[in-house]
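**Q** Could you look at this predicted model? Sequence included:
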Amino acid sequence: DGGITQSPKYLFRKEGQNVTLSCEQNLNHDAMYWYRQDPGQGLRLIYYSQIVNDFQKGDIAEGYSVSREKKESFPLTVTSAQKNPTAFYLCASKAGGGQETQYFGPGTRLLVL
Amino acid sequence: DAKTTQPTSMDCAEGRAANLPCNHSTISGNEYVYWYRQIHSQGPQYIIHGLKNNETNEMASLIITEDRKSSTLILPHATLRDTAVYYCIVRVLFSGGGADGLTFGKGTHLIIQP
């Protein structure tokens, strides 16, 4: 089955702790994205990567970090600097080369204890 | 990306056609209309996109007005599983470099009634 997987589905973070959210795709897509969604709101872009070993900040990158060491993987770390991390986190990918349709994973819900 | 306006919520009876409107009066000539939907606590799902001609796929039809200032997404035979938030997005086909994420507003919450 081709698609995007995110894990875990639910994640709990203690104060001052860094946590890493996983995103893997087997679609052979070049570009990958991380979004944050708060209750009743639309999506906001955290980071994106158009190619391996390169990534760019989105609109709300403060308190987050990413890496793109492999084409199929784009993990997101929520650091202790992110003061309000409770949200629904969505990963997406896009083929590139003129194709703009983004495909989303099932999401990870992060809760702060 | 041009701004879009959608109703906050809509109801539709199961089995009937659901027609979801979207206004995008500032759309540019090279911008496409995309529709996604998000079922509660899931990731958004791509539905359809179009430039100026009407489009149809296995999920829905997209009707774009001649002046391209508005569009309608049609779910021909709505089922309970179509209850979701539907997002209308306007975007160039190939954004090239630069910040490249999709801008999702609050969308339309479509509720299919049994």
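**A** Happy to help now that I have it.
**Q** what helices or strands is the least confident helix or strand in chain A by mean pLDDT leaning on?
**A** Lowest by mean pLDDT, DSSP states H and E among the helices and strands of chain A is strand A:99-104, with a mean of 82. For strand A:99-104, the helices and strands in contact under the criterion 3 or more C-beta pairs under 8 Å, 6 or more residues apart in numbering or on different chains; DSSP states H and E are strand A:87-96, strand B:31-38, strand B:45-50. All C-beta spots, glycine's among them, are computed from the backbone N, C-alpha and C.
**Q** Helix or strand next in line after it, which one?
**A** Of the helices and strands lying after strand A:99-104 in sequence (DSSP states H and E), the nearest is strand A:108-112.
**Q** re earlier: tabulate the helices and strands packed on strand A:99-104 (JSON lines), appending mean neighbour count, mean pLDDT and distance to residue A:74.
**A** Putting the helices and strands packed on strand A:99-104 into JSON lines (neighbours: other C-beta atoms under 10 Å in any protein chain shown; pLDDT from 0 to 100; distance: least, C-beta to C-beta, whole Å) gives the following:
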{"stretch": "strand A:87-96", "mean neighbour count": "22", "mean pLDDT": "91", "distance to residue A:74": "7"}
{"stretch": "strand B:31-38", "mean neighbour count": "22", "mean pLDDT": "92", "distance to residue A:74": "20"}
{"stretch": "strand B:45-50", "mean neighbour count": "18", "mean pLDDT": "94", "distance to residue A:74": "19"}
